[in-house]
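Visitor: Dropping the sequence and predicted coords here.
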Amino acid sequence: MSAAASARDLPCAAPPGNDARDWPTAGGFFVPRPFVLDHDFPPLRAARHAAAALHAAFPEIVSVHVCGSVLEVGVTPADVDLAVVVADGAASLPPVAEVLATCDTGLEDRVKARAWDVLVERRGTIMHNPLRCMPLLFRSLRVAGPAPWRGTPKIAADAATAAKLFGPRKRELIGSLAALRDAKSERRPEMAAWLAKVQKRALRLGMLEALATVGAYSAVPARCAELLAMARPELAHLAIEVSEDLRCGYAEEATFGRLVALAHALLTPRSGEVRVS
């Protein structure tokens, strides 16, 4: 994508908070989004089936929720994200992978047929560390079990929350970049999947700049690129190119170069900037 094409794309982006991919807020705090979905959508049917199987296999499971790209309008899912909430008194976290290995995701691609991405956590731990589980708390659909809690924690859509999220996401990006370099140099078969994962992590780290400045938040990579472009216009072209690389599945040498350039720009503190890690 050329710089001119990137510039043309930017005015079309919805203002912060005016896009369906942005997390809704009320009074400056994040609030859950009610999803109105086609319940015959194959990945959702598959998620309900998998959730029922998990619930039947492990009585310590309180509820199962769908998160992520399956719920987003206009996004092609790469996998199906599940969050499994376990009772606080459970002796250990259940080995849900054993059950999910027998469940199809409903995604058409053969490689994605077993592409489950699962978070398993105790109910109390989630409520004591809500920042770690924001997609579950604010942007999920319950597909099995009763509601595990009443209401949601108060998390402000502001610079303080962005600062708290920045440290863990920075460390995550640095670690995954190193793993990607190893996979690339050794030409491992998982390299393409790692590339997509690191592209998402870079764009989501950059989106925190928008959360800090304009109070907008999204987990959809394409929207993260738009929000980052609004917050850091000097990175607009690069962010949009990385987003486009991810969408198209590009893996050429230039693709890696753009990703590393964006990650470096985001990980390098700007003059006078103070970040809380």
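Guide: That came through fine.
Visitor: For the rest of this, base every contact and every neighbour count on C-alpha atoms.
Guide: Fine.
Visitor: Not including adjacent chain positions, what is the nearest residue to residue 21?
Guide: Take residue 21 and drop its neighbours on the chain: the residue closest to it by Cα to Cα, 6 or more residues apart in numbering is residue 218, 6.0 Å away.
Visitor: Looking at that neighbour now. What's its pLDDT?
Guide: With respect to pLDDT, residue 218 scores 96.
Visitor: before we move on, which element is it in?
Guide: Using DSSP states H and E, residue 218 is not contained in any helix or strand.
Visitor: mind checking how far it is from residue 103?
Guide: In this view, residue 218 and residue 103 are 29 Å apart by Cα to Cα, to the nearest Å.
Visitor: Equivalent analysis for residue 172, please.
Guide: Counting by Cα to Cα, the gap from residue 172 to residue 103 is 29 Å.
Visitor: which residue ranges form the helices in the stretch 151-277 of the chain?
Guide: Taking DSSP state H, counting those that start in this stretch, the helices of the stretch 151-277 of the chain run over residues 159-185, 191-214, 221-231, 236-248, 253-267.
Visitor: ok, and which of the ones you listed has the densest surroundings?
Guide: Greatest average neighbour count among the helices of the stretch 151-277 of the chain goes to helix 221-231 (a mean of 26), per mean count of other Cα atoms under 10 Å.
Visitor: Flag the shaky bits of this protein, pLDDT-wise.
Guide: Flagging of the chain using pLDDT under 70 yields the residue ranges 1-11, 271-277.
Visitor: I'd like to know the phi and psi angles of the residue nearest in space to the middle of it, please.
Guide: Nearest to the geometric centre of the chain sits residue 219, at 4.6 Å (Cα atoms, centre = their mean). Backbone torsions for residue 219, taken as degrees, to the nearest 10, come to phi -110, psi 0.
Visitor: quick one, what contacts it?
Guide: Applying Cα atoms under 8 Å, 6 or more residues apart in numbering to residue 219 gives the contacts 21-22, 204.
Visitor: now it: how far from residue 225?
Guide: As judged by Cα to Cα, residue 219 and residue 225 stand 10 Å apart.
Visitor: show me what contacts the closest residue to residue 223 other than its chain neighbours?
Guide: Distances taken as Cα to Cα, 6+ apart place residue 21 nearest to residue 223, at 6.8 Å, with adjacent residues excluded. Residue 21 makes contact with 72-73, 218-220, 223 under the criterion Cα under 8 Å, 6+ apart.
Visitor: Could you look up the SS state of residue 21?
Guide: Of the three states, residue 21 takes coil according to DSSP: H, G, I helix; E, B strand; the rest coil.
Visitor: What's the separation between residue 178 and residue 161?
Guide: Residue 178 sits at a distance of 26 Å from residue 161 (criterion: Cα to Cα).
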